[in-house]
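Peer 1: next one to model:
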Amino acid sequence: MSTVLCDPPYRDVFTVSGRLADLDENDKLSLLSKPWNDAHKYKFPSRFIGGKLRHFNENWLKSHHWLVYSVSMDSVMCAPCLIFSNGKSRTLSSTPFNDWKNISTVLARHCVDEVHKNNIVMADNFVDILNGKKESIICKLSSTAKETVQHNRHILAKIIQVVLLLGKQNIPFRGHTEERSNFMAVLQSHAQTDPLLANHLQHGKDNARYTSPEIQNELISLCADQVRQQIISECRKSDFLP
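Peer 2: Residues are numbered from 1 along each chain as shown. Next up is the predicted model:
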């Protein structure tokens, strides 16, 4: 009989009906990162296999850290392969193993299996991510998207500053060519002290540089709308208007 103290520190991967259990992230983390250090205290059941009474040997857990034992099935599974395999029926990943006579051969063959090796890598990454030691792909993508948004906002803010400056000073935007316009001259002047803006003007894509006459007109229109709305708002607050 087992005791609570020496039972595995992770949940059984099988239900009482013998089906694979549904595992949440915490269950998976336990299976992948919590070794069964008290396995030597557990009385493993014995069965006749190959004409000899045999039982599971806890040393197999020490020599194969990825191995997990199921109390309900008296069998073993490979935790990384159980969690990360693609669903194909394979021994130790979807099919439990408890032929203690031949387990050494099966474990040795499983160790060199390429699918198993890939699953080990995925398991290590999974554990590192959940323990906060590594950033997930989703977080990296989200971080990259956030940086892109911040970069674009910075560039647009600088361009809008030039639009406002030229508008306040009643300076014409256009020139004989787009490159020699007042707008581009002032923008290039700002770029001398702004590396991000300088890089954008020099290497930005033509369709995403935000400096074309069409974009200038659109920004002028937006700024005009804001000024108009501000004037209307202040007029409505005035005591001299109905």
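Peer 1: what pLDDT is listed against residue 206?
Peer 2: Per-residue pLDDT puts residue 206 at 77.
Peer 1: let me redo that: residue 153
Peer 2: At residue 153, the pLDDT value in this model is 89.
Peer 1: residue 141 now?
Peer 2: We have a pLDDT of 59 for residue 141.
Peer 1: for residue 35, see how far away the nearest residue to residue 130 once chain neighbours are set aside is.
Peer 2: Nearest non-adjacent residue to residue 130, counting by Cβ to Cβ, 6 or more residues apart in numbering: residue 29, 5.3 Å away. C-beta coordinates here come from the backbone N, C-alpha and C atoms, glycine included. Distance of residue 29 to residue 35, given as Cβ to Cβ, to the nearest Å: 13 Å.
Peer 1: helices or strands up against whichever helix or strand residue 228 is part of?
Peer 2: If you go by DSSP states H and E, residue 228 is part of helix 213-237. Applying 3 or more Cβ pairs under 8 Å, 6 or more residues apart in numbering; DSSP states H and E, one finds that helix 213-237 contacts helix 137-168.
Peer 1: list the buried residues for the helix it packs on?
Peer 2: 155, 158, 159, 162, 163, 166 (16 or more other Cβ atoms under 10 Å).
Peer 1: now distance to residue 183 too, for those residues, in a markdown table please.
Peer 2: Below are the buried residues of helix 137-168 laid out as a markdown table (distance: Cβ to Cβ, whole Å):
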| residue | distance to residue 183 |
| --- | --- |
| 155 | 14 |
| 158 | 12 |
| 159 | 9 |
| 162 | 6 |
| 163 | 8 |
| 166 | 6 |
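Peer 1: which of the residues you listed sits closest to residue 72?
Peer 2: Closest to residue 72 out of the buried residues of helix 137-168 is residue 155 (60.8 Å), distances taken as Cβ to Cβ.
Peer 1: so residue 42 sits against residue 7, correct?
Peer 2: Yes. Using Cβ atoms under 8 Å, residue 42 makes contact with residue 7 at a distance of 7.2 Å.
Peer 1: touching stretch 163-181 from outside, list them.
Peer 2: The contact list for stretch 163-181, computed with Cβ atoms under 8 Å, 6 or more residues apart in numbering, reads 182, 183, 184, 185, 186, 211, 212, 213, 216, 219, 220, 223.
Peer 1: now tabulate the residues you listed in a markdown table and tack on distance to residue 118 and neighbour count.
Peer 2: Below are those laid out as a markdown table (distance: Cβ to Cβ, whole Å; neighbours: other Cβ atoms under 10 Å):
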| residue | distance to residue 118 | neighbour count |
| --- | --- | --- |
| 182 | 60 | 16 |
| 183 | 55 | 21 |
| 184 | 53 | 20 |
| 185 | 57 | 13 |
| 186 | 56 | 18 |
| 211 | 48 | 19 |
| 212 | 49 | 12 |
| 213 | 54 | 12 |
| 216 | 53 | 21 |
| 219 | 51 | 19 |
| 220 | 57 | 15 |
| 223 | 56 | 14 |
